[in-house]
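# Fold the following, please.
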Amino acid sequence: MKKNRGLFTFPARRVLMKYYPEFETLLLEQEAGATTLLLKFLNILTRYFTENSDFSREEQVKKIQFFYEKVTEAHPLMAIFPNLYKVIMDTFQKGEQTVPEIIEIFREALNEKIDKTAETASSLIKDGARVFSFSHSSIVRKSLVRAMQKDITFTVHTTECRPVNEAVNLAKFLARYEIEVMLYTDSAMEKAIENCDLAMVGTDWYWKEGFVNKIGTGLVSRLCREKKIPLYILTDSSKKMSSPPKDWSKDNHPASLILAESIPNITVFNPYFESIAFTKPGGIIINGELNRF
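Model (predicted):
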């Protein structure tokens, strides 16, 4: 007899995490970029709805809603999750495809869009270029590796991205591909960026006038504007929204990452994201298409 691993036996979350601990890990993840989280989420959904294919359509809709509520509660400033939810619900309710089939089609289209963006972005990197990046965007990482695979010689300049140190992990990753990295402290960002030829960052959410990314990207944008260094935002259309985020109240991460002990009269602020306006020079690459500002 098939064991029911549904979400609505009590307590729901405990049952889910017993059989799908990778979902709990995803909810707690702070270092990975939006695309990496999305791909992990797609794997979790595929496994869950494959193993529970005997659920009624009504039950499956409830499960989809449960997953969506949990992941958006954990990552409220990532546009990929509401966009994915809409695709799954709209398609599933037509009754022609299973959830795993919908996800596989979505995944294939997503990978194709990312690949096109990486190809366009890599073509902007010329021999001898100094490329500044910030945080640890998987689409930026893919673009840099793509340029290396074309036998283009270049260096990457970045800063730590405290307190989670995403760019330290980016530097380690690139070093394994024998890409030379200049790693600076965050406070030395101006020095890190001043002699660069271009800058590349990812995004978690974009709209007509701007985008959301790791806190500190606003400073990157201002420095690029002042020094006339083109800043390129690399993305795919899964992160497109009609307007900027309205609720930033949950963008408050553990104070212990900044100050281990609790001390009276010290209030720690640890925001993770910020909103940045599009500014010249540079542009945004969406599904491989470069839109200059």
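
# Take the helix or strand hosting residue 70, keep the C-alpha atoms, and write them as PDB.
In the assignment (DSSP states H and E), residue 70 maps to helix 57-74. Provided in PDB are the C-alpha atoms of helix 57-74 (Å, rounded to 0.1, in the frame of the first residue of the first chain):
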ATOM      1  CA  ARG A  57      -7.100  17.300  -8.400                       C
ATOM      2  CA  GLU A  58      -8.700  19.200  -5.600                       C
ATOM      3  CA  GLU A  59      -6.000  17.900  -3.200                       C
ATOM      4  CA  GLN A  60      -3.200  18.700  -5.600                       C
ATOM      5  CA  VAL A  61      -4.400  22.300  -5.800                       C
ATOM      6  CA  LYS A  62      -4.300  22.600  -2.000                       C
ATOM      7  CA  LYS A  63      -0.800  21.200  -2.000                       C
ATOM      8  CA  ILE A  64       0.400  23.600  -4.700                       C
ATOM      9  CA  GLN A  65      -1.100  26.500  -2.600                       C
ATOM     10  CA  PHE A  66       0.600  25.200   0.500                       C
ATOM     11  CA  PHE A  67       4.100  25.000  -1.100                       C
ATOM     12  CA  TYR A  68       3.500  28.500  -2.600                       C
ATOM     13  CA  GLU A  69       2.600  30.000   0.700                       C
ATOM     14  CA  LYS A  70       5.600  28.600   2.500                       C
ATOM     15  CA  VAL A  71       8.200  29.500  -0.200                       C
ATOM     16  CA  THR A  72       6.900  33.100  -0.600                       C
ATOM     17  CA  GLU A  73       6.800  33.500   3.200                       C
ATOM     18  CA  ALA A  74      10.500  32.500   3.300                       C
END
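
# any chance you could map the helices in the stretch 101-250 of the chain?
138-149, 166-176, 189-193, 217-227 (DSSP state H, counting those that start in this stretch).

# Which residues does the helix holding residue 70 contact?
For helix 57-74, contacts defined as CB atoms under 8 Å, 6 or more residues apart in numbering pick out 6-8, 12-13, 23, 26-28, 41, 44-45, 48-49, 52, 55, 81-82, 85, 88-89, 92-93, 95, 99, 250. Heads up, the C-betas are built off the backbone N, CA and C, glycines and all.
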